[in-house]
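Visitor: here you go, sequence then predicted model.
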Amino acid sequence: MLGFPAAIAAGYVPVKIFLDMPAEFSLGALPSWVLVDLAGYVVAGLVLLIGSLATLFRATAGAVLLGVGALLAIGALLTEPMSVGVPPARFADAMFTHGGFAMADRVGLAALAVLVLVLAFLPPTFRYLRYRTSMTPVLSGQGAYSSSRSW
């Protein structure tokens with residue numbers, strides 16, 4: 001269930017950047033590392049969302065997708081200072097002093113991504129996803145109504 005908030009937090013970053021962009025500015029003017037970082041956030045959000053939906057239907061692949069999405073989100077968070085071209089310490093200082101909701105979103109995404117990564121690969125998670133309830137046979141045909149019953 002933590003995959004849904006992590007997907008929303010990962011998708012918020014590029015959406016906020018796109019919405020804050022001036023109208024006369026285009027994506028082609030952004031440096032390639034910024035585009036790679038934004039793509040990392042978008043892909044991480046999509047993979048986390050698909051993994052969350054798959055685990056609702058008890059598919060084992062959902063846990064794997066959640067783990068991959070969490071790794072992508074952590075990678076996008078770690079490459080963001082490099083894409084902007086500032087040292088990580090200065091980037092963190094700017095985020096914590098002037099970040100506002102963007103800082104809270106990135107901190108929340110980091111915490112959720114680590115939690116999702118750990119919980120997705122725990123053995124009880126895979127045990128839960130592999131467990132199938134036994135189906136009771138439906139009686140049909142000749143054996144459905146035996147002659148020993150009296151109406």
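Guide: Sure thing, it's come through.

Visitor: what residues sit buried inside the helix or strand of the chain with the lowest mean pLDDT?
Guide: Within the chain, no helix or strand scores below helix 123-130, which has a mean of 78 by mean pLDDT, DSSP states H and E. Of the residues in helix 123-130, Thr125, Leu129 count as buried by neighbour count, 16 or more other C-beta atoms under 10 Å. (C-beta placed from N, C-alpha, C; glycine too.)

Visitor: likewise for stretch 5-13?
Guide: The neighbour-count check on stretch 5-13 (16+ other C-beta under 10 Å) flags Pro5, Ala6, Ala7, Ile8, Ala9, Ala10, Gly11, Tyr12, Val13 as buried.

Visitor: alpha carbons only: can I get stretch 65-80 in CSV?
Guide: Output of stretch 65-80 as CSV, limited to C-alpha atoms (Å, rounded to 0.1, in the frame of the first residue of the first chain):
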residue,chain,number,x,y,z
LEU,A,65,8.1,-3.9,-9.7
LEU,A,66,7.8,-2.1,-6.4
GLY,A,67,11.4,-2.9,-5.6
VAL,A,68,12.6,-1.7,-9.1
GLY,A,69,10.4,1.5,-8.8
ALA,A,70,11.9,2.2,-5.4
LEU,A,71,15.4,1.8,-6.7
LEU,A,72,14.6,4.2,-9.6
ALA,A,73,13.2,6.8,-7.2
ILE,A,74,16.3,6.6,-5.0
GLY,A,75,18.5,6.9,-8.1
ALA,A,76,16.5,9.9,-9.4
LEU,A,77,16.8,11.6,-5.9
LEU,A,78,20.6,11.0,-5.9
THR,A,79,21.2,12.2,-9.4
GLU,A,80,19.2,15.4,-9.0
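
Visitor: sorry, back to before: now, the buried residues of stretch 5-13 that are in helices?
Guide: Of the positions in these, Pro5, Ala6, Ala7, Ile8, Ala9, Ala10, Gly11, Tyr12, Val13 sit in helices, assigned by DSSP state H.

Visitor: which helices and strands sit right next to the least confident helix or strand of the chain?
Guide: Applying 3 or more C-beta pairs under 8 Å, 6 or more residues apart in numbering; DSSP states H and E, one finds that helix 123-130 contacts helix 60-84.

Visitor: now do the helix it packs on: distance to the chain's middle.
Guide: In terms of C-alpha atoms, centre = their mean, to the nearest Å, the centre of helix 60-84 is found 8 Å from the chain centre.
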